[in-house]
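Trainee: got a sequence here, can you build the structure:
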Amino acid sequence: MKVVIWGSRGSLPASVHAENIRYKIYRAIEAARGHDLRSKEHIENFIDTELPFSVRGGYGTNTSCVEIRDGEDYIILDSGSGIRDFGNYVMKTGKIPATYHIFMSHVHWDHICGFPFFVPAYIKGNRLNFYGFHDVHAVEQAFANQQEPPCFPVPLQYMQAERHFTQLKLGKTYDIAGFRVSGIEQNHPQLSYGYSFEKAGKKIIYSTDSEHKEDSSKEDYHFVKFFKNADMLIFDTQYSLMDAIYVKEDWGHSSNIIAVELSVRAGVKHLCMFHSEHTHSDANIDKMLKETKRYASIYDKSYPLRISHAYDGLEIEI
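Mentor: Residues are numbered from 1 along each chain as shown. Here you go, the predicted model:
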């Protein structure tokens, strides 16, 4: 089983300017002074061992889209701009026709904006099954509205793949594509929903666009139970604790500090930081990841919580 991140930015796709690329090149050349770079192997070793991820790579620009790869069908979480890259990947490597199970946390624009550019949706014979806890007609209408004039030139009905929208109910567990799927209501404007996917003794939680208030410190906080013993928790860490509490309170997002505390309390094995601020540079995110790991070591030195930060193209074995 594998989790593949196709988009992890929040609110808006991030931008990359020429000056950002120039800065990375400068940092790399500066760091290369005194190193033996005469062969390809020397260069690759230098890149992999001497350069921080923010210089040798980057966290990407796409908004929310995650794939759970296991079995014949495709399982997708949200359809932000990252679903475009996923669709292009499928067109190169996948099969046609195919069945896609698309689970929606909510239908804010950054979570649906990639769908008009999702090539498999235009191919007859493909089957797209959408799931969500919001009103099924409202979800379908949100997808249709963004492709209506004057917003987009190609209406939703031009897409040739079969489309089916299913409304899920809280408190129920569903068997979908071999997974046991359940959900939880989250604190976000117009509400969002988190998902639990369980199969063969493995548990993946997708919990983005969720704000945790003062009650998160209570012993019986219901998210701790929902996250319990997850092998991976994909968690919204768009804001710093200061922003989440003061500057951007009630904007519907969480912080890296809350992510660590809930992960440890729930016995999560791997925390994947997600929905990063679109204005943050790669260096900013690198710094936040380091600070999060440092806080985890202070919060509970004995707990072996693995922490990573999502980026476009990241693949994680579960």
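Trainee: with adjacent residues omitted, what lies nearest to residue 210?
Mentor: residue 186 (3.6 Å; Cβ to Cβ, 6 or more residues apart in numbering). Bear in mind the C-beta positions are built from the backbone N, C-alpha and C, glycine included.
Trainee: just the pLDDT for the one you found.
Mentor: pLDDT recorded at residue 186 is 97.
Trainee: could you do residue 268 as well?
Mentor: pLDDT at residue 268 comes out at 98.
Trainee: surely the residue nearest to residue 210 touches residue 207?
Mentor: Yes. With contact defined as Cβ atoms under 8 Å, residue 186 reaches residue 207; the gap is 6.9 Å.
Trainee: so between the two, which is more surrounded?
Mentor: Each of residue 186 and residue 207 has its neighbours counted (other Cβ atoms under 10 Å); residue 207 has more, 27 against 22.
Trainee: so in terms of bridging, what pairs with that one?
Mentor: Under DSSP bridges, the beta-bridge partners of residue 207 are residue 235.
Trainee: mind listing what it touches?
Mentor: Each residue near residue 207 by Cβ atoms under 8 Å, 6 or more residues apart in numbering is listed here: 184, 186, 194, 195, 223, 226, 227, 233, 234, 235, 236.
Trainee: just the residues you listed: which are in strands?
Mentor: 184, 186, 194, 195, 233, 234, 235, 236 (DSSP state E).
Trainee: and of these, the nearest to residue 168?
Mentor: residue 195 (9.2 Å; Cβ to Cβ).
Trainee: got the buried residues for the host helix or strand of residue 291?
Mentor: Assigned by DSSP states H and E, residue 291 belongs to helix 282-299. Neighbour counts over helix 282-299 (16 or more other Cβ atoms under 10 Å) mark 282, 283, 285, 286, 288, 289, 292, 293, 295, 296 as buried.
Trainee: what helix or strand does residue 189 sit in?
Mentor: Per DSSP H and E, there is no helix or strand for residue 189.
Trainee: who are the contact partners of it?
Mentor: 108, 250, 251, 252.
Trainee: how far away is it from residue 248?
Mentor: Between residue 189 and residue 248 the distance is 12 Å, computed by Cβ to Cβ, to the nearest Å.
Trainee: what's the answer for residue 205, then?
Mentor: 23 Å.
Trainee: ok, now residue 119?
Mentor: From residue 119 to residue 248 the distance is 35 Å (Cβ to Cβ).
Trainee: show me which helix or strand of this protein is least confident by mean pLDDT.
Mentor: helix 241-242 (a mean of 70; mean pLDDT, DSSP states H and E).
Trainee: right, and the helix or strand after that one?
Mentor: That would be, after helix 241-242 and using DSSP H and E, helix 256-266.
Trainee: coming back round to it: quick one, which of the contacts of residue 189 are buried?
Mentor: 108, 252.
Trainee: so which of the contacts of residue 189 comes closest to residue 169?
Mentor: Distances from residue 169 to the contacts of residue 189, taken by Cβ to Cβ, are shortest for residue 108, at 21.6 Å.
Trainee: next, count neighbours for residue 317.
Mentor: Neighbour tally, residue 317, other Cβ under 10 Å: 8.
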